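Asks: output the structure for:
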Amino acid sequence: MCTFSIRLTDAEKKIIEEYAKLNNKSMGDVVKTAFFEKIEDEFDIKLADDAYLEYKKNPKTYSLDDLKKELDI
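Replies: Numbering: from 1, shown residues only. Alright, predicted model coming up:
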């Protein structure tokens, strides 16, 4: 496990402290959760953008029945 330090203004610290207190969490948990949620959101957006670009290259779609036949279900 590692420790990570960030510099916050007094106003930023107060916002995080108040949010943490409101949600009965530590400041570290609040920052860590926000950090990883942001990364996950951006990762999901990137995957969606890539999938859309791939779709634009070959805009063929399949019905649910076609998919069931292909997967033999």
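Asks: burial count for Lys14?
Replies: Close neighbours of Lys14, defined as other Cβ atoms under 10 Å, add up to 11. C-beta here means a position set from N, CA and C on the backbone, and glycine is covered the same way.
Asks: and it, what does it touch?
Replies: By Cβ atoms under 8 Å, 6 or more residues apart in numbering, no residues touch Lys14.
Asks: from Lys21, how far out is it?
Replies: Distance check for Lys14 against Lys21: by Cβ to Cβ, to the nearest Å, it reads 10 Å.
Asks: for Tyr62, see how far away Ala48 is.
Replies: Per Cβ to Cβ, Ala48 is found 19 Å from Tyr62.
Asks: ignore what I typed, I meant Lys69.
Replies: Distance from Lys69 to Tyr62, by Cβ to Cβ: 9 Å.
Asks: same check, this time on Glu37
Replies: Computed as Cβ to Cβ, the Glu37 to Tyr62 distance reads 32 Å.
Asks: next one: Phe43
Replies: When Phe43 is compared with Tyr62 (using Cβ to Cβ), they lie 26 Å apart.
Asks: with Glu42 instead?
Replies: Distance, Glu42 to Tyr62, using Cβ to Cβ: 29 Å.
Asks: phi, psi for Asp72 please.
Replies: Dihedral pair for Asp72: phi 60, psi 50, per degrees, to the nearest 10.
Asks: tell me, how many residues neighbour it?
Replies: 5.
Asks: tally of neighbours for Leu53?
Replies: The tally of other residues near Leu53 (other Cβ under 10 Å) stands at 9.
Asks: just to confirm, which helix or strand has it in it?
Replies: Per DSSP states H and E, Leu53 falls inside helix 27-57.
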